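Visitor: Fold the stuff below for me.
(one chain, ligands or ions: 2)
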Amino acid sequence: MNPMIVIKIGGSAITEKDEMEMLKPAALQKAIDCIRQCVESGASIVVVHGAGSFGHHHAKEFEINKGIPSLMDKKEQENKMLGFSLTRQSVQKLNQLVVKAFLDVGVPAVGCSPCSSWRTRQKELVSWPKKTIGHLLDKKLVPVLHGDCCIDETVGCFILSGDTIIKTLCLSFDVRRAVFLTDVAGIYDRPPFEPGAKLLKSIYVRSDGSVEQEIGTRVVVKVVHVVVAVVEVVVVIVVVAEVVVVEVVMAVVLVAIVVVVVTVVVVLVIVAAVVVVAVVVVVVAVGALVVAVAEGVLKVVEVDVILIVVVVVAVAVPLVVLVVAVVVVVLVVMSAVL
Ligand SMILES: Nc1ncnc2c1ncn2[C@@H]1O[C@H](COP(=O)(O)OP(=O)(O)OP(=O)(O)O)[C@@H](O)[C@H]1O
Ligand SMILES: C=C(C)CCOP(=O)(O)O
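Guide: Ligands and ions are numbered 1, 2, ... in the order given. From the prediction side, this is the model:
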């Protein structure tokens, strides 16, 4: 599978959260166009959208997140279940609109409602269809999940947020990026509507998920602000740097190991060759000199000088060759590996 990118289209980005079931069509279109480009670039994309004003109103009214208390009488339980159905119908309406918008621009989106397949116990996820999402991605389809109401094995029902879905996907797949679209220009040091709110370039997330702005521990989240619509939709690209950092460290270690191993092997081969050549040169030269002296062609004094020259050449030339070869090998190996 290609590098996976999960994208949360925030309910705040594509709906007017204060007005019941009110879509922001232009903002949705901008988000869809942006995601279409990601799909066309070949990345495996999973889209998750929030409920916005589709779902949150009913969910709040019927207190779906509180489950079905055991003391609730039958009438109240029936009413709660009606609220469950209404909430689902509402989020599914938004899902239909999002999927249709994708199909209209040629993106093969497939709506995947969590209600039928995501289960929780005490509001903790116990099962979800990882394989199905993998199969859809294998077929180059774009799963479009959404925040939904789900059945909880102990408390009866609860709200599965799109953010929980995103987190689950990030922990289970090899996700390169999690991208959040909201209605503001990124992450601020305080609620953006408060006076003096500053847009942050990066934040640090501790391993327990809490966030701090100054000193980081394991996960550095880089925030890139890319405005894709006039103030309506903003793309916030969140690089899950823990993954990136691990990858970089692994890559550096791997490169170092490869460079060292290849260099050592090549140097050993060159040293052996150099020694053999030097020995052959000296033996041949000494043999020739012995013959020359025996035949009276050379005197012993001349032989001494020639011998010194032969030995110096036999050692110096291979040494120079050796040094040059080592430098070349290191450069070639490093450029090939990098
Ligand atoms: N520190 C902050 N940085 C950025 N936004 C913040 C901050 N604090 C509060 N917000 C608010 O968070 C809102 C986005 O969160 P919200 O949960 O409403 O959106 P969403 O996730 O898009 O919605 P949904 O749950 O429907 O998908 C923004 O409109 C912004 O006003
Ligand atoms: C309100 C419902 C049903 C889902 C909430 O999902 P979210 O908007 O991602 O928090």
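
Visitor: what are the ranges of the strands in the chain?
Guide: For the chain, applying DSSP state E gives strands covering 4-9, 44-49, 109-112, 119-121, 124-127, 142-146, 148-152, 156-160, 175-182, 202-205, 211-212, 219-227, 234-240.

Visitor: Looking at those, which is nearest to residue 87?
Guide: Closest to residue 87 of the strands of the chain is strand 148-152 (CB to CB; 5.0 Å). In this view, the C-beta of every residue, glycine as well, is placed from N, C-alpha and C.

Visitor: What helices and strands are in contact with that closest one?
Guide: Counting contacts by 3 or more CB pairs under 8 Å, 6 or more residues apart in numbering; DSSP states H and E, strand 148-152 packs against helix 74-104, strand 119-121, strand 156-160.

Visitor: Quick check: buried residues in it?
Guide: For strand 148-152, the neighbour count (16 or more other CB atoms under 10 Å) marks 148-150, 152 as buried.

Visitor: returning to that earlier point: can you say which of the strands of the chain is nearest to residue 81?
Guide: strand 156-160 (8.0 Å).

Visitor: Could you list every helix and strand that the closest one packs against?
Guide: By 3+ CB pairs under 8 Å, 6+ apart, strand 156-160 packs against helix 74-104, strand 148-152.

Visitor: The longest one near ligand 2 at all?
Guide: What it means is helix 74-104. Yes: Helix 74-104 lies within reach of ligand 2 by CB under 6 Å from any ligand atom, at 87, 91.

Visitor: Could you look over the helices and strands packed on strand 156-160 and pick the most buried one?
Guide: Highest mean neighbour count of those: strand 148-152, a mean of 22 (counted as mean count of other CB atoms under 10 Å).

Visitor: quick one: that one to helix 74-104, angle?
Guide: Strand 148-152 and helix 74-104 are oriented at 130 degrees to each other (axes from the mean of the first three to the mean of the last three CA atoms, to 10 degrees).

Visitor: Just put the strands of the chain in TSV and tack on distance to residue 22 and mean pLDDT.
Guide: Below are the strands of the chain laid out as TSV (distance: least, CB to CB, whole Å; pLDDT from 0 to 100):
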stretch	distance to residue 22	mean pLDDT
strand 4-9	15	95
strand 44-49	15	97
strand 109-112	20	98
strand 119-121	29	94
strand 124-127	30	94
strand 142-146	17	98
strand 148-152	20	95
strand 156-160	20	95
strand 175-182	17	90
strand 202-205	31	77
strand 211-212	30	70
strand 219-227	22	54
strand 234-240	19	49
